[in-house]
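Peer 1: Provide a 3D model corresponding to the input given below.
(2 chains)
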Amino acid sequence: MTQSASLPVIALAMGDPAGISPELTARILADETVRAAAGLIVIGDLRVLRDGARVAGVDPALHVIGPDAPLPEDLSTPAFVDLGTLDPAILRRGEISEAGGRFAAENFRYALSLAVAGHADAVSFTPFNKAAMRLHVPGYEDEIGFTANFIGFRGAAKEFNVLEGLWNARVTSHVPLSAVAGLITRDSILENLRLTHAALRDSGIQAPRVAVAGLNPHAGDGGNFGREEIEVIGPAVAAAQAEGLGCDGPYPSDTVFVRARRGDFDAVLTMYHDQGQIAMKLIGFEQGVTLLGGFPFPICTPAHGTAYDIAGKGIAHPGAARNALLLAARMGAAQRRRRPAAGGSLLEVRAAMAA
Amino acid sequence: MTLPPPLALTMGEPAGIGGEIAARAWAALRESGPAFLFLGDVALLPGIPTRTVTEPAEAAGLFREALPVLPLPLAAPVRPGRPDARNAPPVIAAIERAVALALEGRVGGVVTNPIQKSVLTAAGFRHPGHTEFLAALAPGDGPPVMLLTAAGLRAVPVTIHQSLRSAIESLTVERIVAIGRATAAGLRQDFGIAAPRLALAGLNPHAGEDGTMGTEDRDIVAPAVAALRAWGIDARGPYPADTLFTPQARAGYDAALGMYHDQALIPVKTLDMHGGVNVTLGLSVVRTSPDHGTALDIAGQDRADPGSLIAALRLAAELAAHRQRRECP
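Peer 2: This next block holds a predicted model:
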């Protein structure tokens, strides 16, 4: 057994080629810490990656294979699956295109297939451009919907925002604010607390402490400014505690992030989109990681976007992408302990994709 | 050169932290100023030198030596953390006295320590809150506006102490325009900003994404922005709230209007947990207060952080100076 066989394997899909994804992918592949933390299988087009490597000024060692070739047993040198689908000569940096969306989607599908087949313990991808994805996949909403649809997943999956030492999950997300009070139920909050705990434990936190935000100002001020805290959120917290999940609340949402940040909690569960996003973006979430949790394997991506404005300049900071890979490695290791990696060839993966 | 009039600081809830943070604020500001006088019971200020005064004008000269006190004796002994309704009348009297002195120009502005509203209500206080009481004592031309400051941010919640459901229901073009106009007027008068720039947050995630995630931003907030612009105010928005408070975004406006309490309060507290200040714009007197409550749970334990009160005193002095310049150019 080679040394790398004990490491988690991450399938890394190259994202939108017109932004900073190619240079970020190249930088990650050249990062010693990332290479030491996981075996990497990168999916993309070698010409696009070479372009990114030139921009980034790096020259990572790679084991390049074709789409249907057998996977190398030893991943101490990252494997690069060259799908050969995109000639960078037809691309314009900083422009949304169907070709860019198709490239990102095909790479991502391939990475998901590797994880479904057990060849990878976690999936990561560099940023997608939502508009480009929509040109290729009509009705594309987000990565959660895309993934659930592609792998046929019917369970609950959630987006988590992860900063070093501070996680945020939300009960509702892209819905009108007027719909939120009707959508938060004892069961939806409890389900979110279970998912949050599971993800935190997989990331290596043994006994997670989760703060639950209230819905109303001052968390309702004892019922003076709304009763959801008394009737819905409080009972959900009590039910989660009865299951042994470390959590507390509801807390006033204007100070709960301050408390979490000083170390009182590992994560904050918020009731609506902006309740968490305002604080997280002030704290520095642009360098954070988005985790798609609840799927049979973890999916991690940098929280920032494609950064068309700085693409190709070699100034894109790889911190968030690197953090995404390192979180995928930690969570992938937990995944690997639960389900040992599969053998077999990529031909089976292709067959699974076709089926 | 004559010294500016001192500020008036009310005692607030005697069983809370008002006295201890006042004492600490004096210790921090005795050399630098601004000078202030304490309206309340001297028993709330143990451990620092105090001097009883009858005229605010005496305060400035002796502020370095002692905290000047305009005495308003309490009726019942103070037990930290346990408010006593018998003390409600002097607590209310301190606020009335401070406003009266400000209206007469004998103090530069009013800084209020937090009150325990339930205790005052039990004693017959008929106002919904501190700010409404001040608005009754010193009304201005428009509605009173709550503005919060933190490091590099001024934020105004358009709706305040009501449930999120009712805040959404009560959001109207008229309300946003009234608060926006009063905010712009206050920024001109009290902050000395000649042409204030307002940024309005959207109510919904991503400011509703053209009506696909809630219609209020398209149907209420955007028309309110247009109406404010028609009044000659540099108002913009609605902007997605999650990116409205980053340093780059903050450089583009003088105040942000949040559509509900936490939309304005989350960025303030996240940026500055202990140094935030609550300003009431639209009164006929300058008024600031620390951005926290009575903290009954830690009262009397010598743990209370005076940072917010110190910032409130400093800001009140600045606002008073701006008003002074406008009134006596």
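Peer 1: For B:A15, list the residues it contacts.
Peer 2: B:78-84, B:87, B:116, B:294, B:296, B:299 (CB atoms under 8 Å, 6 or more residues apart in numbering or on different chains). Quick note: C-beta positions are derived from backbone N, CA and C, even for glycine.
Peer 1: Likewise for B:G211?
Peer 2: When contacts are counted by CB under 8 Å, 6+ apart, B:G211 touches B:217-219.
Peer 1: which one of those residues has the most neighbours?
Peer 2: Among the contacts of B:G211, the one with the most neighbours (other CB atoms under 10 Å in any protein chain shown) is B:D217, at 29 neighbours.
Peer 1: Retrieve the pLDDT associated with the closest residue in space to that residue that isn't next to it in sequence.
Peer 2: Excluding its sequence neighbours, the residue lying closest to B:D217 (CB to CB, 6 or more residues apart in numbering or on different chains) is B:G208, at 3.7 Å. pLDDT, B:G208: 94.
Peer 1: The most centrally placed residue in chain A sits in which helix or strand?
Peer 2: Nearest residue to the geometric centre of chain A (CA atoms, centre = their mean): A:C300, 2.5 Å. With elements taken from DSSP states H and E, the one containing A:C300 is strand A:299-302.
Peer 1: if I look at B:A321, how far off is A:T25?
Peer 2: Distance, B:A321 to A:T25, using CB to CB, to the nearest Å: 56 Å.
Peer 1: Which one of the two is surrounded by more residues?
Peer 2: Taking other CB under 10 Å, B:A321 and A:T25 do not tie; A:T25 has more neighbours (31 against 17).
Peer 1: returning to that earlier point: tell me which strands the strand holding A:C300 pairs with, and in which orientation.
Peer 2: Looking at strand A:299-302 with DSSP bridges, its partner strands are strand A:122-125 (parallel), strand A:289-293 (antiparallel).
Peer 1: counting contacts, what elements does the helix or strand harbouring B:Q189 pack onto?
Peer 2: For B:Q189, the host element (DSSP H and E) is helix B:173-191. Packing partners of helix B:173-191 (3 or more CB pairs under 8 Å, 6 or more residues apart in numbering or on different chains; DSSP states H and E): strand B:145-150, strand B:153-157, strand B:197-201, helix B:222-230, strand B:255-258, strand B:277-281, helix B:307-327.
Peer 1: Just the buried subset of the contacts of B:A15, please.
Peer 2: Applying 16 or more other CB atoms under 10 Å in any protein chain shown to these, the neighbour count classes B:78, B:80-81, B:83-84, B:87, B:116, B:294, B:296, B:299 as buried.
Peer 1: any chance of these in JSON lines, plus distance to chain A?
Peer 2: Below are the buried ones among the contacts of B:A15 laid out as JSON lines (distance: CB to the nearest CB, whole Å):
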{"residue": "B:V78", "distance to chain A": "24"}
{"residue": "B:P80", "distance to chain A": "21"}
{"residue": "B:G81", "distance to chain A": "17"}
{"residue": "B:P83", "distance to chain A": "16"}
{"residue": "B:D84", "distance to chain A": "21"}
{"residue": "B:N87", "distance to chain A": "22"}
{"residue": "B:Q116", "distance to chain A": "13"}
{"residue": "B:T294", "distance to chain A": "13"}
{"residue": "B:L296", "distance to chain A": "14"}
{"residue": "B:A299", "distance to chain A": "18"}
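Peer 1: would you turn those residues into TSV with pLDDT, secondary structure and distance to A:G234?
Peer 2: Output for those, formatted as TSV (pLDDT from 0 to 100; DSSP: H, G, I helix; E, B strand; the rest coil; distance: CB to CB, whole Å):
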residue	pLDDT	secondary structure	distance to A:G234
B:V78	95	coil	33
B:P80	96	coil	29
B:G81	96	coil	24
B:P83	95	coil	26
B:D84	95	coil	30
B:N87	96	helix	33
B:Q116	92	coil	24
B:T294	92	coil	24
B:L296	93	helix	22
B:A299	94	coil	26
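Peer 1: from those, which single one is nearest A:Y272?
Peer 2: Closest to A:Y272 out of the buried ones among the contacts of B:A15 is B:T294 (29.1 Å), distances taken as CB to CB.
Peer 1: My guess is the closest one contacts B:Q116. True?
Peer 2: Yes. At 5.1 Å, B:T294 counts as touching B:Q116 under the criterion of CB atoms under 8 Å.
Peer 1: Between the two, which contacts overlap?
Peer 2: B:13, B:15-16, B:83.
Peer 1: what's the farthest-apart pair in the residues you listed?
Peer 2: B:G16 and B:P83 (7.7 Å).
Peer 1: who touches both of the two?
Peer 2: Common neighbours of B:G16 and B:P83 (CB under 8 Å, 6+ apart) are B:116, B:294, B:296.
Peer 1: what about the residue of the stretch 201-329 of chain B at minimum distance from chain A, neighbour count?
Peer 2: Residue nearest to chain A within the stretch 201-329 of chain B (CB to the nearest CB): B:G214, separated by 3.0 Å. Other residues within reach of B:G214, judged by other CB under 10 Å, total 23.
Peer 1: any idea how far it is from B:I179?
Peer 2: 20 Å.
Peer 1: how about A:H119, secondary structure?
Peer 2: coil (DSSP: H, G, I helix; E, B strand; the rest coil).
Peer 1: can I assume it is in contact with A:A11?
Peer 2: Yes. Between A:H119 and A:A11 there is a contact under CB under 8 Å: 7.4 Å.
Peer 1: overlap in contacts of these two?
Peer 2: A:I41.
Peer 1: neighbour count winner among these two?
Peer 2: Taking other CB under 10 Å, A:H119 and A:A11 do not tie; A:A11 has more neighbours (31 against 21).
Peer 1: ok, the more buried one to chain B distance?
Peer 2: A:A11 sits at a distance of 30 Å from chain B (criterion: CB to the nearest CB, to the nearest Å).
Peer 1: what about the helices in the stretch 51-200 of chain A?
Peer 2: Remark: helices assigned in the stretch 51-200 of chain A by DSSP state H, counting those that start in this stretch are A:98-116, A:130-136, A:143-151, A:177-183, A:186-202.
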